[in-house]
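Chemist: Quick one, structure for this:
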Amino acid sequence: MAKMTKKQKAAVEKIEEGKLYAPIEAFTLMKEISSANFDETVEGHFRLGIDTRQADQQLRGMISLPNGSGKTVRVAVFAEGDAAKAAEAAGADIVGSDDLIQDIQNGMLDFDATVATPDQMPKVGKLGKILGTRGLMPNPKLGTVTTDVEKAIADLKGGKVEYRADRFGICHVVLGKTSFTAEQLAENYGVVYDEILRVKPAAAKGRYVKSVTVASTMGAGIPVDSSVNRAYTEAPTAE
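Modeler: Okay, here's the model as predicted:
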């Protein structure tokens, strides 16, 4: 484990041991202790009581953040003909079919998300080992296999983020950047948390949300009070 710098150590010491922070408190503290010299990405980590090895306990989808993700998303689109022209007009960064597939097989991965028209999927399927392992495969459930390429591109570039529980049942979701206000981050967090509660698998047993932690790229994790499930931007009242 890398040795903490003096700044990092001082930041960690500001996080009260054993305390669960209300969302707005957590993001206010995160911004206060952030010491990186770049605009860090902020993520939420939701530890859930699910077994993702079971087909009926999978958790995956996409959600639009009200304040965007703060990320510049490069989108590659697999399309031909009119759909390819529509993709270019909608601001796709890379558009192609067989040529794009060949480029990716040759190692070109200069994009953050992909969209494909349904007729392209038999071809795109051969990229499964390359795109699938990186979470970049177009998926109809996520709205990225579609005839409406304009909407898919707009969603991806406008702050739509993917959530997906890993094999440990932890959902890692982008919530924004440290340059956002604490209120903007809390609003984004609230939308994500509401969605995670909404899509709870029926087969999940016991406590569903076990813990929530938020962290910036270089920052320490701050534990969030998962019992706060409304009024996310409000500070807790004193007892």
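Chemist: any weak-confidence spans in this structure?
Modeler: 1-11, 237-239 (pLDDT under 70).
Chemist: tell me the helices in it, going along the chain?
Modeler: For the chain, the helices defined by DSSP state H occupy 6-13, 23-33, 81-89, 98-105, 121-124, 128-131, 149-157, 182-198.
Chemist: can you tell me which of those helices comes nearest to residue 218?
Modeler: Nearest to residue 218 among the helices of the chain is helix 6-13 (7.7 Å), distances taken as Cβ to Cβ. All C-beta atoms are positioned from the backbone trio N, CA, C, and that covers glycine.
Chemist: what about the strands in this protein?
Modeler: Assigned by DSSP state E, the chain shows strands spanning 41-48, 60-64, 75-78, 94-96, 113-116, 160-164, 170-177, 209-216, 222-224.
Chemist: out of the ones you listed, which comes closest to residue 231?
Modeler: strand 222-224 (13.9 Å).
Chemist: which secondary structure elements does that closest one contact?
Modeler: helix 23-33, strand 209-216 (3 or more Cβ pairs under 8 Å, 6 or more residues apart in numbering; DSSP states H and E).
Chemist: Please save the CA atoms from the longest one in CSV.
Modeler: So that's helix 23-33. Backbone C-alpha positions of helix 23-33 (Å, rounded to 0.1, in the frame of the first residue of the first chain) are rendered in CSV as follows:
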residue,chain,number,x,y,z
PRO,A,23,-25.2,12.9,1.9
ILE,A,24,-24.9,16.7,1.9
GLU,A,25,-22.4,16.5,4.8
ALA,A,26,-20.4,13.8,3.1
PHE,A,27,-20.0,15.8,-0.1
THR,A,28,-19.3,19.1,1.8
LEU,A,29,-16.5,17.3,3.6
MET,A,30,-15.2,15.6,0.5
LYS,A,31,-14.8,19.0,-1.2
GLU,A,32,-13.1,20.4,1.9
ILE,A,33,-10.5,17.7,2.1
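Chemist: Does anything pack onto it? Which helices or strands?
Modeler: On a contact count with 3+ Cβ pairs under 8 Å, 6+ apart, helix 23-33 meets helix 182-198, strand 209-216, strand 222-224.
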